[in-house]
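1. coords please:
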Amino acid sequence: MNFQDKIQEIREKDNRYKPDAYEFVMQALYFTQKRLNKEGHISGQQLLEGIREFGIDQYGFLVKTLFNYWGIKSTQDFGEIVFNMTDSGVMGKTEQDCRDDFKNVYDFDEAFDSKRITSNFSG
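-> Coordinates of the predicted model:
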C-alpha cells in the first residue's frame, strides 16, 4: 500500500485533517532529520520545531492560514496526525513517545506571527 492509500485509510477513520497535512508532516520530518543530521527517530518537540521552521520556509506568512485550512490549529493537532500515522504503520515510535509530547509546545499566534515572519524574510 502506498503513502496516499495509507492516508486515505487514516482519513476514513479520522477526517479532521486534509491529506496535504499528512504529506507536510512527512516532509517536515525529513527536513528536521536532515537539519539535525540524524536518521531515524526524533522527538515530538524536535519534530514540532522542524515543522515550524519548514512551514515558515515553505509558506512564509501564509503558513498559519494554510495550517488552519488543513485543520491544524495547535501543536496538539500535529501530534494527532503523527499518532494517526504511527497507528497505521506509516511512521514509527518508541515506548516513550506519547501524544502529550505535542501538547502546548508553542503558541501558534506567536510562532506564526506574520509580522515576525515578514521581518525574518526582509533581513
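2. now the residue nearest the centre of the chain, nearest residue through space, not along the chain?
-> Centroid check for the chain by Cα atoms, centre = their mean gives Val25 as the closest residue, at 4.0 Å. Of all residues not flanking Val25 in the chain, Ile81 sits nearest, at 5.2 Å (Cβ to Cβ, 6 or more residues apart in numbering). To be clear about C-beta, it is placed using only N, CA and C from the backbone, and glycine gets the same treatment.
3. Over to Phe61?
-> Counting by Cβ to Cβ, 6+ apart, the residue nearest Phe61 is Ser114, at 4.0 Å.
4. again, but for Met91
-> Distance criterion Cβ to Cβ, 6+ apart; nearest residue to Met91, sequence neighbours excluded, is Met85 at 4.3 Å.
5. Which residues are in contact with that neighbour?
-> Neighbour list for Met85: Lys6, Ile10, Tyr22, Val25, Met26, Met91 [criterion: Cβ atoms under 8 Å, 6 or more residues apart in numbering].
6. Tell me the helix or strand right after the lengthiest helix in the chain.
-> Looking across the chain with DSSP state H, the single longest helix is helix 19-36. Moving toward the C-terminus from helix 19-36, the next helix or strand (DSSP states H and E) is helix 44-59.
7. May I see the buried residues of that following helix?
-> Within helix 44-59, the residues that qualify as buried by neighbour count (16 or more other Cβ atoms under 10 Å) are Gly44, Gln46, Leu47, Leu48, Glu49, Gly50, Ile51, Arg52, Phe54, Gly55, Ile56, Tyr59.
8. re the thing from before, out of the contacts of Met85, the closest to Phe108 would be?
-> Nearest to Phe108, judged by Cβ to Cβ, of those is Val25 at 15.5 Å.
9. Might one say that that closest one is in contact with Phe78?
-> Yes: counting by Cβ atoms under 8 Å, Phe78 is a contact partner of Val25 at 6.6 Å.
10. Next, show the common contact partners of the two.
-> Residues touching both Val25 and Phe78 by Cβ under 8 Å, 6+ apart: Leu47, Ile51.
11. Please list all residues in contact with the nearest residue to Ala111 once chain neighbours are set aside.
-> With Cβ to Cβ, 6+ apart as the criterion, Ala111 has its nearest non-adjacent residue at 5.3 Å, and that residue is Arg52. Residues near Arg52 by Cβ under 8 Å, 6+ apart: Tyr106, Ala111, Phe112.
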